[in-house]
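Chemist: I'd like to go over a predicted model; first the sequence, then the structure.
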Amino acid sequence: MPVFTPYYNLWNQNVYTRREPFIERPWQMAAGSTSGAAVAVGSRSFAGLTRPGDGEFRWDGHSLEVVAAADEIFWREDTDQDAAWRDYHAALSLPRPSAPFGQRPEYCTWVEQVRRTPAGQLPDAALSVPLIEEILDAVDAQGWPRGRFTIDEGWGPRHGPGGYGSWEPRLDLARLAERISARGHVPGLWLAPALICPDSVAARELPEAVGARVAFPGETPWNRFHYLRPGAASAILIERLFRRAWNWGFRKMKLDIFYGSRMDTLALARQCREAAAKLPGVVELEGHVSEPFIAQYFDVIRLNDVHISRDHPAWRSVVAGHYEVCAKSAPQHMLCLDHIGGNHAAVGPEDFAEHARIMGGQLDRGYPVVGLLPMSQGESVTEAVTALLRSAEERDAAERSRTL
């Protein structure tokens, strides 16, 4: 008899349904790439933690036990699961978010960066002004809707004095934001506000902000970074980053790499919202953690990181799992359905088109992102993507008309 645990997450895997026994404290675990509510749902029971803390789930393969203070436990038995989810969120009584830019689709540089990256280099190397102009031109040439347009990772150095934490740009971001806005799009920028490079000027200026080292499995470029330690120093750095992004002209922030502890992620997400509230106008915050207490500080929740390729035939299960986790954990949020065709450039035309069809069935909750230009996949794929983007635009227009 399985149990569904949306808080349990492994990158690019659908591992949320568990059959083996476990003892876990959800709030003492890492947030991960798509990490949802601290609940455990069995065939006839629903248990949830009603506030961050030390609450523990114990599953022996047959029955579920929750160890926590009585006022920290939400419990339902022999009830409809959808009703239990609704009652759980009602019990949390968290504020309702808004997506300032609605359901308009998004264009993002990331997967084209991946596709164009020379062997042995990072995708940062492929981000350039000509690439951004090429994507803008492609959107115009295809007659695609205006929407969000996000410059992804690579606009500044990772390491060294100007690396993460200091966030010194290597591109003229103010000019690029102006160019994106002139084309009719909302300028967006990728940020990783929870990370800091230990040899950055910011780390030397505020050493108390440097927290635990990132420890991804294997040898990855990320393991040279540290997470921010929540506190007064992290608040200074986040506010400084948001203010700079705003002054450059960006109105949508794609917040990434909240992969540290859930308790730290909660504190840093709150600081992101507080920093955004100090800006002189509307900014949209997109995050990838759908846990309700964390998600309350984001406007949009992203179905994060699905690797679709011939080498990963289980991608459909991952897409379904990520959607279920985000839709149920953050039911009031607009969902960014992420890149059509996944976040890896090795996707083939059949899988690309199938993913577009799947997203078409998810438009009641979110909007798609063009990361890999579909023209590289053939005419039929391009037509499928065009239809998907126009459907998102029509839904956005209908919703805006309804709320006027």
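Modeler: Okay, I see it.

Chemist: show me where the stretch 101-250 of the chain has strands.
Modeler: 106-108, 148-151, 186-191, 195-196, 210-213, 226-228 (DSSP state E, counting those that start in this stretch).

Chemist: could you give me the average pLDDT of stretch 90-102?
Modeler: Mean per-residue pLDDT for stretch 90-102: 95.

Chemist: what's in contact with it?
Modeler: 50, 74, 147-148, 186, 251-252, 282-284, 292-293, 295-296, 298-300, 332-334, 396, 399-400 (Cβ atoms under 8 Å, 6 or more residues apart in numbering). Every residue, glycine included, has its C-beta placed from N, CA and C.

Chemist: now with 6 Å?
Modeler: 50, 74, 148, 186, 282, 284, 292, 296, 299-300, 332-334, 396 (Cβ atoms under 6 Å, 6 or more residues apart in numbering).

Chemist: and that stretch, which residues are buried?
Modeler: Going by neighbour count (16 or more other Cβ atoms under 10 Å), the buried part of stretch 90-102 is 97, 99-102.

Chemist: and the helices in the stretch 251-400 of the chain?
Modeler: Under the criterion DSSP state H, counting those that start in this stretch, helices of the stretch 251-400 of the chain are mapped to 262-277, 292-295, 315-329, 349-360, 379-403.

Chemist: just to revisit the earlier point, in JSON lines, list the strands of the stretch 101-250 of the chain along with distance to residue 5.
Modeler: Shown next, in JSON lines, are those (distance: least, Cβ to Cβ, whole Å):
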{"stretch": "strand 106-108", "distance to residue 5": "30"}
{"stretch": "strand 148-151", "distance to residue 5": "31"}
{"stretch": "strand 186-191", "distance to residue 5": "29"}
{"stretch": "strand 195-196", "distance to residue 5": "27"}
{"stretch": "strand 210-213", "distance to residue 5": "24"}
{"stretch": "strand 226-228", "distance to residue 5": "24"}
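
Chemist: run through the residues that contact the residue most central in space within the chain.
Modeler: In the chain, the centroid-proximal residue (Cα atoms, centre = their mean) is residue 288; its distance is 2.5 Å. Residue 288 sits next to 302, 304 when contact means Cβ under 6 Å, 6+ apart.

Chemist: same question for residue 321.
Modeler: Contacts for residue 321 were tallied using Cβ under 6 Å, 6+ apart; they are 14, 16.

Chemist: gap between it and residue 60?
Modeler: 24 Å (Cβ to Cβ, to the nearest Å).

Chemist: what do you get for residue 351?
Modeler: 39 Å.

Chemist: and these two? Which one has more around it.
Modeler: residue 351 (21 against 11; other Cβ atoms under 10 Å).

Chemist: in strands only, show me the contacts of stretch 90-102.
Modeler: Mapping those onto strands (DSSP state E) picks out 74, 148, 186, 284, 300, 334.

Chemist: which of these sit farthest apart?
Modeler: Greatest spacing in the ones in strands among the contacts of stretch 90-102, by Cβ to Cβ: 74 and 186 (37.2 Å).

Chemist: other SSEs contacting the lowest-mean-pLDDT helix or strand in the chain?
Modeler: Of all helical and strand segments in the chain, the minimum by mean pLDDT, DSSP states H and E falls on helix 379-403, at a mean of 93. Judged by 3 or more Cβ pairs under 6 Å, 6 or more residues apart in numbering; DSSP states H and E, helix 379-403 is in contact with helix 349-360.

Chemist: 7 Å instead?
Modeler: With contacts defined as 3 or more Cβ pairs under 7 Å, 6 or more residues apart in numbering; DSSP states H and E, the packing partners of helix 379-403 are helix 349-360, strand 366-370.

Chemist: can I get the ones you listed in JSON lines with mean pLDDT and distance to residue 2?
Modeler: Listed next are those as JSON lines, based on pLDDT from 0 to 100; distance: least, Cβ to Cβ, whole Å:
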{"stretch": "helix 349-360", "mean pLDDT": "97", "distance to residue 2": "23"}
{"stretch": "strand 366-370", "mean pLDDT": "98", "distance to residue 2": "27"}
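
Chemist: which one of the ones you listed lies closest to residue 68?
Modeler: strand 366-370 (32.3 Å).

Chemist: quick one on the thing from earlier: could you dump the buried residues of stretch 90-102 to TSV with distance to residue 166?
Modeler: Shown next, in TSV, are those (distance: Cβ to Cβ, whole Å):
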residue	distance to residue 166
97	30
99	30
100	28
101	29
102	34
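
Chemist: pick the one among these closest to residue 123.
Modeler: Nearest member of those to residue 123, counting by Cβ to Cβ, is residue 101, at 25.2 Å.

Chemist: measure that closest one to residue 286 for me?
Modeler: From residue 101 to residue 286 the distance is 10 Å (Cβ to Cβ).

Chemist: need the overlap of contacts for these two.
Modeler: residue 252 (Cβ atoms under 7 Å, 6 or more residues apart in numbering).

Chemist: show residues contacting the least confident helix or strand of the chain.
Modeler: Against helix 379-403 from outside (Cβ under 7 Å, 6+ apart): 102-105, 142, 144-145, 340, 349, 352-353, 356, 359-360, 363, 367-368, 370, 374-375.

Chemist: among these, the buried ones, what's the ChimeraX command?
Modeler: In ChimeraX, this line selects whichever of the contacts of helix 379-403 come out buried by 16+ other Cβ under 10 Å:
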select :102,103,104,105,142,144,145,340,349,352,353,356,359,363,367,368,370,374
